[in-house]
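[1] sequence? don't have it. structure:
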């Protein structure tokens, strides 16, 4: 059973908005750090944004700052990604990831540091 489940991906026109959701599939585990990554065809998986359960700093990929907003609901172990002013270059499969550790700034952007992943949700931005 995949530990995390993403939803909300869709086909949207440039300038449009989407809201992605990530939640555990049923298993219970510590998700002290949660993150979104994305992967476009033929490219490596790319860090998008992350936050820790304790709150505080939210890390963002430079190209999405001001357009994407990460939030989480600790009571539900859920995480959301509000994506506004979408661009064709945002087209990718978006993955939710969680780590049982409180990752630090130097490691929070690296996929191998995450323990649990979802199967991904497709976001396509095209006219």
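    Perfect, thanks for sending it. Keep in mind that this is a model prediction, so the values were computed, not measured.

[2] Could you give the number of residues near the residue lying closest to residue 111 once chain neighbours are set aside?
    Counting by Cβ to Cβ, 6 or more residues apart in numbering, residue 45 is the residue found nearest to residue 111 once chain neighbours are left out, at 5.4 Å. The C-beta positions use only the backbone N, C-alpha and C, and glycine is treated the same way. Neighbour count of residue 45, defined by other Cβ atoms under 10 Å: 16.

[3] check contacts around residue 45.
    By Cβ atoms under 8 Å, 6 or more residues apart in numbering, the contact list for residue 45 reads 37, 38, 39, 95, 111.

[4] 6 Å instead?
    37, 39, 111 (Cβ atoms under 6 Å, 6 or more residues apart in numbering).

[5] And residue 40, by the same measure?
    residue 92.

[6] just residue 109 next, same as before
    With Cβ under 6 Å, 6+ apart, residue 109 has these contacts: residue 47.

[7] Which helix or strand contains it?
    Following DSSP states H and E, there is no helix or strand that holds residue 109.

[8] all strands for this structure, in order.
    Taking DSSP state E as the criterion, the chain carries its strands at 4-7, 11-12, 18-24, 33-39, 46-52, 58-60, 68-73, 78-83, 92-99, 116-117, 121-125.

[9] The second one pairs with which strands, parallel or anti?
    When you say that, I think you mean strand 11-12. Using DSSP bridges, the strands paired with strand 11-12 are strand 121-125 (parallel).
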